[in-house]
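Chemist: next input, structure requested:
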Amino acid sequence: MLINEAYQPINCDDYDNLELACQNHWMLSLEMKDGEQLKAKAKEIFSRKNVEYLAIDLSGENRELRLDHIASFTHPELGTVVVSAE
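Modeler: Numbering: from 1, shown residues only. Have a look, this model is predicted:
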């Protein structure tokens with residue numbers, strides 16, 4: 001996926017679940033649309049230049065994931081959430 005492709009907002013329910021994960025600093029199992037698998041702590045959601053990102057702590061490394069590049073995420077409180085476009 002190209003970094004400068006047009007951003008596609010995600011479904012509001014999926015966004016709310018990610019916000020809840022950030023508020024509680026939950027560890028999420030994330031699958032990216034490019035197939036990358038991550039297990040990381042959710043930190044915050046923020047917007048930069050009309051693109052929304054999830055900031056995560058991946059074993060001490062801070063990363064920013066575009067919300068529209070996340071295919072799914074899993075946590076015991078949420079189950080598995082397949083991210084869909086708005």
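Chemist: shouldn't L54 be in contact with H69?
Modeler: No. Contact criterion Cβ atoms under 8 Å: L54 and H69 do not qualify, at 9.5 Å. Every C-beta, even on glycine, is put in place using the N, C-alpha and C of the backbone.
Chemist: neighbour count winner among those two?
Modeler: L54 (25 against 19; other Cβ atoms under 10 Å).
Chemist: isn't there a strand covering the more buried one?
Modeler: Yes. L54 forms part of a strand when assessed by DSSP: H, G, I helix; E, B strand; the rest coil.
Chemist: look up the closest residue to it, ignoring the ones flanking it.
Modeler: Closest residue to L54 apart from its sequence neighbours, by Cβ to Cβ, 6 or more residues apart in numbering: L65 at 4.8 Å.
Chemist: R63 now?
Modeler: With sequence-adjacent residues excluded and distances taken as Cβ to Cβ, 6+ apart, R63 is closest to I56, at 5.2 Å.
Chemist: pull the number of nearby residues for the one you found.
Modeler: By other Cβ under 10 Å, the burial measure for I56, its neighbour count, is 22.
Chemist: what's stretch 33-47 in contact with?
Modeler: 1, 15, 18-19, 21-22, 24-32, 52-59, 62-63, 65, 67, 69-71 (Cβ atoms under 8 Å, 6 or more residues apart in numbering).
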